[in-house]
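Q: one predicted model, sequence on top.
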Amino acid sequence: MKCPFFGHTEDRVVDSRVGRNGEFIRRRRGCLKCHRRYTTYEYIEDVFPMVVKRDGRREPFDRQKLRSSILKACEKRSVGVQAVDDVVGEIEAKLHERVEKEISSLDLGEMVMEHLQRLDQVAYVRFASVYRQFKDIAQFMDEVKGLIKEGEKTKATPKPKVAAKART
């Protein structure tokens, strides 16, 4: 493994732990030359579907690209890194279940937006503005109004009342 600080190739594993449900192994490593520590993750190499871009290009699914786009949408929000990693993990799990060898970037974006809408509505609108390529403020406002209407529907749903116990 190459030291991320100075590029040395000699290191030792200080600690190893199995991550979420055995999906990965987290290793703490120490560089034998500069003595700095860093973390690496080992994942089983999976065959993910190819992502078909809007212009027809195809590129391999990139977990880090997905993660960084979600992190960018959640920037300066009270969304933890673990929550973002959980979203990425759930999307990866859905991709594993797919039979198809390709997924359109539009479908992938819809998956992300579905998760972000539940996670943080501001992050959702940020992501949607880039993903849906808003041309003006009107499109942005339409998206926000849709979120407000959904929130009102959720609040308007009456909660069942619990009958009070009779005193004797």
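A: Thanks, I have it. Numbering: from 1, shown residues only.

Q: stretch 59-67: which residues count as buried?
A: 61, 66-67 (16 or more other CB atoms under 10 Å). C-betas here are computed from N, CA, C, even on glycine.

Q: other residues contacting stretch 30-41?
A: 1, 3-6, 8, 10-12, 14, 19, 24-29 (CB atoms under 8 Å, 6 or more residues apart in numbering).

Q: which ones among those residues are found in strands?
A: Among the contacts of stretch 30-41, the residues falling in strands (DSSP state E) are 11-12, 14, 24-29.

Q: closest to residue 146 among those?
A: Ranked by distance to residue 146 (CB to CB), these are led by residue 24 at 36.4 Å.

Q: is that closest one in contact with residue 16, as I believe?
A: No: counting by CB atoms under 8 Å, residue 24 does not reach residue 16; the two are 10.9 Å apart.

Q: neighbouring contacts of stretch 66-80?
A: 81, 84-85, 87-88, 91, 108, 112, 116, 119-120, 122-124, 126-127, 130.

Q: in CSV: the buried residues of stretch 59-67, plus secondary structure.
A: Output for the buried residues of stretch 59-67, formatted as CSV (DSSP: H, G, I helix; E, B strand; the rest coil):
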residue, secondary structure
61, coil
66, helix
67, helix
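
Q: tabulate these (JSON lines), appending pLDDT and distance to residue 101.
A: Formatted as JSON lines, these follow (pLDDT from 0 to 100; distance: CB to CB, whole Å):
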{"residue": "61", "pLDDT": "91", "distance to residue 101": "11"}
{"residue": "66", "pLDDT": "94", "distance to residue 101": "18"}
{"residue": "67", "pLDDT": "94", "distance to residue 101": "22"}
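
Q: still on that earlier bit, max pairwise distance over the ones in strands among the contacts of stretch 30-41: which two?
A: It's 12 and 24 that sit farthest apart of these, by CB to CB, at 20.0 Å.
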